[in-house]
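Engineer: Need coordinates for the below:
(2 chains)
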Amino acid sequence: AQSVTQLDSHVSVSEGTPVLLRCNYSSSYSPSLFWYVQHPNKGLQLLLKYTSAATLVKGINGFEAEFKKSETSFHLTKPSAHMSDAAEYFCVVSENNNNDMRFGAGTRLTVKP
Amino acid sequence: KAGVTQTPRYLIKTRGQQVTLSCSPISGHRSVSWYQQTPGQGLQFLFEYFSETQRNKGNFPGRFSGRQFSNSRSEMNVSTLELGDSALYLCASSLIWTGASYNEQFFGPGTRLTVL
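Structural biologist: Residues are numbered from 1 along each chain as shown, chains lettered A, B, ... in the order given. Modelled structure (predicted):
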């Protein structure tokens, strides 16, 4: 069965500095991979998705992620953090394009002024 | 277009009771999935319904059940509540599942269930 490991439970950056949220996955098949963001008291919002097209995926709000099969990684990056980026981020894997999605434990991003 | 709505938003129950949560998907969406979110276990997949049929199921006991109506609205039921069932229950809808391409899931704000 598929699974994901988010390597950091909490990441703290200063406003204007780069963001790196790390994710490793395990899948028996060609996976679909996603990053979702959850702001306090809000539902989850899709940031970006990889579904076996280009390995570098660009998402909303300046985020992007690169699928690296050899490293089984799908790290999320952003060149310059903004205060509004402070939230919980979830890496998600799904096999065979079904809706059985497995979520990572989440990474809480804090952005300092 | 209205988003995914979940009712109620907050619920307090006592052990042994049962509860029913409701989810209205985005208009035109036929797939509805349910998730449980807790601080200890994170986000876990409960089940998915498509065209009134359960298509996928996570690893939860039989106390957790669901159904979907012909208008795609879905309900989930938890019987004989336990303290550990306290969680945020999230519903997500997607347009259609073709098996050949992924359709984005849109999440509702969740129902926060507290079991005393």
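Engineer: alpha carbons only for contacts and neighbour counts from here, please
Structural biologist: OK.
Engineer: ok so residue B:67 is a strand residue?
Structural biologist: Yes: counting by DSSP: H, G, I helix; E, B strand; the rest coil, residue B:67 is found in a strand.
Engineer: Retrieve the pLDDT associated with it.
Structural biologist: Looking at residue B:67, its pLDDT stands at 97.
Engineer: centroid residue for chain A?
Structural biologist: residue A:35 (3.4 Å; C-alpha atoms, centre = their mean).
Engineer: What is the neighbour count of whatever residue of chain A ends up closest to chain B?
Structural biologist: Closest residue of chain A to chain B, C-alpha to the nearest C-alpha: residue A:43 (4.2 Å). Residue A:43 has 18 neighbouring residues, counting by other C-alpha atoms under 10 Å in any protein chain shown.
Engineer: can you pull up the bridge partners for the residue nearest to the spatial centre of chain B?
Structural biologist: Against the mean C-alpha coordinate of chain B, by C-alpha atoms, centre = their mean, the closest residue is residue B:34 at 2.8 Å. Under DSSP bridges, the beta-bridge partners of residue B:34 are residue B:47, residue B:91.
Engineer: ok, now which ones touch it?
Structural biologist: Residue B:34 makes contact with B:45-48, B:76, B:89-92 under the criterion C-alpha atoms under 8 Å, 6 or more residues apart in numbering or on different chains.
Engineer: quick one: which of these has the most company?
Structural biologist: With neighbours taken as other C-alpha under 10 Å, the top of those is residue B:91, carrying 34 neighbours.
Engineer: And the strands in chain A?
Structural biologist: Secondary structure of chain A, counting by DSSP state E: strands at A:3-6, A:10-14, A:19-21, A:23-26, A:31-38, A:44-50, A:56-58, A:64-68, A:73-78, A:87-95, A:101-103, A:107-112.
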